[in-house]
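Chemist: Coordinates for the following, if possible.
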Amino acid sequence: MSRKVTKAIFPVAGLGTRFLPATKSVPKEIMTLVDRPLIQYAIDEARAAGIEEFIFVTSRGKGALEDYFDHSHELESSLKKAGKNDLLEILRSTNMDSGAIAYIRQHKALGLGHAVWCARRLVGDEAVAVILTDDVIMGEPPCLQQMIEAYQETGGTMVATMEVPAEKTKSYGVLDVAEDMGAIVRAKGMVEKPKENPPSNLAVIGRYILAPTVMENLNKLKQGAGGEIQLTDAIADEIEEGRDVFGLRFRGQRFDCGSKAGFLQATVAFGLARDELKDEFSEYLADVMAMRRAAE
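Modeler: Down below sits the predicted model:
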């Protein structure tokens, strides 16, 4: 049985209300982290993992997101004439080949599980990756590549997971661990945003490899926590039906760019990781901290 994963779903239908007024006219996924929009980080991670088909689940008002991946012939021509070949290569790296990208509308905000279900006809009877653009992960190799390499050994369904403080588990889907094998754990259950008594401190974050049967579970369209159709519930059904679900403790640092604090933290981390920025930026940050200490 082939365990190749070539398709990925990007649920990008959210309104981004936590970033108003910026997201009044600009999709959250286009907001810039250093010099690349959030969606570009997700696409680059998917490409590095061997993804060939990109499925975007969008909503009304996401035209700028769709336009971002079009070829900008006028701008390319201008850069070429000016001899700005480095910028030209950066620009071309954002282009998507014809037919590689598809857009599906989610007309009602019924949750992540529903967004994934909306792409079912484009996925077919294949395993599929799901990437949440709010979760930006700095890792080498990239997180999804780590997951696909592990999935080729395990099969089943796989989620990216990380340890969080017990008091923060109520904000995540949480794994109930049957077997801890180090980097990989086998799950015997999943709980979405447990209000008390979480089964572990292993939180599920925004990277998934879904077996085809998960789509069958989503076909039931059951409402879960918050009145939404939860992807976590569909994955938990896999375990109840005797199929394997694994969690991967990925190597890397995750930033929650769906929150303002997380977005700022990511900006600092990715800025300091850039050779052309790190010296000047770190000097500025040191000056800021020195001024704060002096003011105290």
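
Chemist: what about the helices in the stretch 151-296 of the chain?
Modeler: Ranges of helices in the stretch 151-296 of the chain, per DSSP state H, counting those that start in this stretch, are 212-218, 231-240, 260-272, 278-295.

Chemist: so which of the ones you listed gets nearest residue 36?
Modeler: Ranking the helices of the stretch 151-296 of the chain by proximity to residue 36 (C-beta to C-beta) places helix 260-272 first, at 8.7 Å. For glycine as for every other residue, the C-beta is placed from the backbone atoms N, C-alpha and C.

Chemist: Quick check: buried residues in that closest one?
Modeler: Within helix 260-272, the residues scored as buried using 16 or more other C-beta atoms under 10 Å are 262-263, 265-267, 270-271.

Chemist: which residues sit in contact with the closest residue to residue 219 other than its chain neighbours?
Modeler: Nearest residue to residue 219 in three dimensions, chain neighbours excluded: residue 117, at 7.2 Å (C-beta to C-beta, 6 or more residues apart in numbering). With contacts defined as C-beta atoms under 8 Å, 6 or more residues apart in numbering, the neighbours of residue 117 are 215, 218-219, 221, 229.

Chemist: which of the residues you listed has the weakest pLDDT?
Modeler: Ranked by pLDDT, these bottom out at residue 221, which has 64.

Chemist: Now the buried members of the contacts of residue 117.
Modeler: Among the contacts of residue 117, the ones that count as buried by 16+ other C-beta under 10 Å are 215, 218, 229.

Chemist: Ends of stretch 94-106, what's the gap?
Modeler: Stretch 94-106 stretches 24 Å from its first residue to its last (C-alpha to C-alpha, to the nearest Å).

Chemist: quick one: average pLDDT of that stretch?
Modeler: Rounded mean pLDDT across stretch 94-106 is 80.

Chemist: ok, now stretch 285-296?
Modeler: 89.

Chemist: does the residue nearest to residue 219 count as helix, strand or coil?
Modeler: helix (DSSP: H, G, I helix; E, B strand; the rest coil).

Chemist: Residue 217 versus that one, what's the distance?
Modeler: Taking C-beta to C-beta, to the nearest Å as the measure, residue 117 falls 9 Å from residue 217.

Chemist: tell me the angle the strand or helix carrying residue 42 makes with helix 260-272.
Modeler: Residue 42 is part of helix 38-48, with elements assigned from DSSP states H and E. Angle, helix 38-48 to helix 260-272, by axes from the mean of the first three to the mean of the last three C-alpha atoms, to 10 degrees: 60 degrees.

Chemist: Which positions within helix 38-48 qualify as buried?
Modeler: Residues 38-43, 45-47 are the ones in helix 38-48 that count as buried (16+ other C-beta under 10 Å).

Chemist: ok, the residues you listed vs residue 91, which is closest?
Modeler: Of the buried residues of helix 38-48, the one sitting nearest to residue 91 (C-beta to C-beta) turns out to be residue 40, at 11.4 Å.

Chemist: residues touching the residue nearest to residue 273 when sequence neighbours are not counted, list them.
Modeler: Counting by C-beta to C-beta, 6+ apart, residue 273 lies nearest to residue 138, which is 7.1 Å off, once chain neighbours are set aside. Residue 138 makes contact with 252-253, 255, 269-270, 273 under the criterion C-beta under 8 Å, 6+ apart.

Chemist: Go again with 7 Å.
Modeler: 252-253, 269-270 (C-beta atoms under 7 Å, 6 or more residues apart in numbering).

Chemist: Adding distance to residue 67 and pLDDT, write the residues you listed out as TSV.
Modeler: Shown next, in TSV, are the contacts of residue 138 (distance: C-beta to C-beta, whole Å; pLDDT from 0 to 100):
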residue	distance to residue 67	pLDDT
252	30	94
253	31	95
269	28	95
270	24	95
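
Chemist: from the residues you listed, which two are the most distant?
Modeler: Maximum pairwise distance in those, criterion C-beta to C-beta, is 12.5 Å, between 252 and 270.

Chemist: Let me see the contact set for residue 19.
Modeler: Residue 19 neighbours (C-beta under 7 Å, 6+ apart): 28, 31.

Chemist: now residue 106
Modeler: Residue 106 sits in contact with 13, 57, 59, 114-115, 118, where contact means C-beta under 7 Å, 6+ apart.

Chemist: What pLDDT is listed against the residue nearest to residue 273?
Modeler: The predicted local confidence for residue 138 is 94.

Chemist: where's it relative to residue 284, distance?
Modeler: From residue 138 across to residue 284, the span is 20 Å (C-beta to C-beta).

Chemist: Then residue 173?
Modeler: Taking C-beta to C-beta, one finds residue 173 at 38 Å from residue 284.
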